[in-house]
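**Student:** Everything below, folded, please.
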Amino acid sequence: MPHTGTRIDAHVKVLDETVVERAKERGLDAIVYAPHFERLPTIRERADRFSDDELLVVPAREVFTGDWRNRRHLLALGLSEPIPDFITFEGAMAELERQDAAILVPHPTFATVSLTRPELDAHRDRIDAVGGYNAKLLPHQNRRARRVARDLDLPAFGSSYAHLRATVGEAWTAFETDLETPAAVVEAFKSDVDRRVVHRAGIEHRARGAIEYAHLAYENTWKRLDRLFLSGDDPTNPHSVFYEGRFDDVAVY
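**Tutor:** Sure, this is the predicted structure:
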């Protein structure tokens, strides 16, 4: 019997025919596509190309705020205009609020790449949801994330945070209502619509999570070097011509 409501893997980094096929096999209705260091128009075009009647692909941006040593990630859905990386946290929050985007916090309190517990508490009225389960993280890290969401009375969301195709659909957010457009998904995350955080279980699930976690070493070592010396040609550099100087006063590089 077909399920009711909408199952959304709320944060994936990869998108192609294989990802779409896997998402459908896993029973997902939608995925949120938010690759690193890509401009919003590019993300939108790709999301539109891979959306169909069976799977909705929602474009989003995971914005890197602050510098490499002190960065805080924000997942933004429903953007109307591009926003760069490596601007101040407050500058990013102000721009996301100006655009009335849904502001989600992925992997809360994890390492040096997300908001700390005091920061989440200080900005709780500006945040729409926090990651309550991330297939890439270790069990104790996910337990801590769920505890933070519960203690701060913030809605949680589930995602695979897939950087690898095989991880798509390992976790998702299950909404009780049918969400058929990107705008409906954005509004659902901004509202108090009933939802559950769901994830697969078993040895295969744990193995996929371990492989994703190991992939962090690649993401944070030599690949990271590509971004340490930003140029004006970088698509999400705040000084890029794409942004026409609008973010120069809040750029950290």
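**Student:** pLDDT weak spots in this structure?
**Tutor:** 1-2, 217-233 (pLDDT under 70).
**Student:** where along the stretch 1-150 of the chain do the strands fall?
**Tutor:** Ranges of strands in the stretch 1-150 of the chain, per DSSP state E, counting those that start in this stretch, are 6-12, 30-33, 56-65, 72-77, 102-105, 129-134.
**Student:** And the longest one, how far out from the chain middle?
**Tutor:** Centroid separation between strand 56-65 and its chain, computed with Cα atoms, centre = their mean, to the nearest Å, is 6 Å.
**Student:** now swap in stretch 168-187 and tell me
**Tutor:** Between the centre of stretch 168-187 and the centre of its chain there are 13 Å (Cα atoms, centre = their mean).
**Student:** And for stretch 206-220?
**Tutor:** 17 Å.
**Student:** CA atoms only for that stretch - export them in CSV, please.
**Tutor:** Presented in CSV, the C-alpha positions along stretch 206-220 are these (Å, rounded to 0.1, in the frame of the first residue of the first chain):
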residue,chain,number,x,y,z
ARG,A,206,26.0,1.4,9.9
ALA,A,207,28.5,0.5,7.3
ARG,A,208,27.3,3.3,4.9
GLY,A,209,27.5,5.8,7.8
ALA,A,210,31.0,4.7,8.5
ILE,A,211,32.1,5.1,4.9
GLU,A,212,30.5,8.6,4.8
TYR,A,213,32.3,9.5,8.1
ALA,A,214,35.6,8.3,6.6
HIS,A,215,34.9,10.5,3.6
LEU,A,216,35.3,13.5,6.0
ALA,A,217,39.0,13.0,5.9
TYR,A,218,39.0,13.7,2.1
GLU,A,219,36.6,16.6,2.5
ASN,A,220,38.8,18.2,5.2
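**Student:** Buried residues of that stretch, list them for me.
**Tutor:** By neighbour count with 16 or more other Cβ atoms under 10 Å, stretch 206-220 contains the buried residues 208-209, 212, 215. Every residue, glycine included, has its C-beta placed from N, CA and C.
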